[in-house]
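Visitor: heads up, no residue letters with this:
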């Protein structure tokens, strides 16, 4: 009987230790899931901001493309007018006519480049996001204590399940956001390459037209 009582006491002690270890593992997992959810929320905020910034950048690229098209049209008109003057050159009076150059030297004005403007807009928002991230990291909820309470353990398990569902959905959203960012960046790089080629072509046209103007001197 004494030995049975001792064995029962040992078994109860082991069961208590197992329950304590189980509760500790559950609490650690719950704490880890909370931190993961908080970090994913921050990542989602960064992703949303990045997509908005890329959309703003796309608008700037579209405006730049429109401006380049207008410049191209103006250069074409100027070149046409110069050709007309060449055809009328034999009828022009024998006086020295001063023709203005197409593009005079620009005055010392500080033009705002799109990249600098874009960086200036991003910086304060990025700092705010970093500040928000640090604030969220420092947020700590009251750590629950299970103490073998079945209801508390079940509540912790339910919270864990909700965290896992939220983590899964957040990861799916981040995956779609990253794919959208990649596609948008590729599209903007292609647009930039096209704008660069258009700019080179316009510069060559301006050089040709200026060369025609020099023949009047």
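Guide: Received, thanks. Keep in mind it's a predicted model, so treat the numbers as computed, not measured. Numbers count the residues shown, from 1 in each chain.

Visitor: buried sites along stretch 209-217?
Guide: Counting neighbours by 16 or more other C-beta atoms under 10 Å, one finds that the buried residues in stretch 209-217 are 209, 210, 213. Heads up, the C-betas are built off the backbone N, CA and C, glycines and all.

Visitor: following the least confident helix or strand in the chain by mean pLDDT, which helix or strand comes up?
Guide: In the chain, the helix or strand scored least confidently by mean pLDDT, DSSP states H and E is helix 114-138, which has a mean of 43. Going down the chain from helix 114-138, the next helix or strand is helix 150-214, by DSSP states H and E.

Visitor: Can you name every helix or strand that that following helix contacts?
Guide: Under the contact definition 3 or more C-beta pairs under 8 Å, 6 or more residues apart in numbering; DSSP states H and E, helix 150-214 sits against helix 2-87.

Visitor: If you average the pLDDT over the helix it packs on, what comes out?
Guide: Average pLDDT, helix 2-87: 85.

Visitor: what helices or strands is it leaning on?
Guide: helix 114-138, helix 150-214.

Visitor: about what we covered before: could I get the buried residues of stretch 209-217 as JSON lines with distance to residue 72 and pLDDT?
Guide: As requested, those are exported to JSON lines (distance: C-beta to C-beta, whole Å; pLDDT from 0 to 100):
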{"residue": "209", "distance to residue 72": "12", "pLDDT": "88"}
{"residue": "210", "distance to residue 72": "16", "pLDDT": "87"}
{"residue": "213", "distance to residue 72": "18", "pLDDT": "81"}
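
Visitor: possible to save these as JSON lines with distance to residue 167?
Guide: Below are the buried residues of stretch 209-217 laid out as JSON lines (distance: C-beta to C-beta, whole Å):
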{"residue": "209", "distance to residue 167": "62"}
{"residue": "210", "distance to residue 167": "63"}
{"residue": "213", "distance to residue 167": "68"}
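
Visitor: And those residues, which is closest to residue 74?
Guide: residue 209 (10.7 Å; C-beta to C-beta).

Visitor: Leaving out the residues flanking it, which one is nearest to that closest one?
Guide: Nearest residue to residue 209, sequence neighbours excluded (C-beta to C-beta, 6 or more residues apart in numbering): residue 79, at 4.6 Å.

Visitor: Count residues in the vicinity of that neighbour, would you?
Guide: A count of nearby residues for residue 79, using other C-beta atoms under 10 Å, gives 17.

Visitor: tell me the contacts of the nearest residue to residue 212 once chain neighbours are set aside?
Guide: The shortest distance from residue 212 to any non-neighbouring residue, by C-beta to C-beta, 6+ apart, is to residue 82 (4.7 Å). Contact partners of residue 82, counting by C-beta atoms under 8 Å, 6 or more residues apart in numbering, are 209, 212, 213.

Visitor: And the first one, how far from residue 199?
Guide: Right, residue 209. Per C-beta to C-beta, to the nearest Å, residue 209 is found 16 Å from residue 199.

Visitor: out of the helices and strands packed on helix 2-87, which comes closest to residue 47?
Guide: helix 150-214 (4.1 Å).

Visitor: how about the helices and strands packed on helix 2-87 in JSON lines, adding distance to residue 15?
Guide: Formatted as JSON lines, these follow (distance: least, C-beta to C-beta, whole Å):
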{"stretch": "helix 114-138", "distance to residue 15": "38"}
{"stretch": "helix 150-214", "distance to residue 15": "14"}
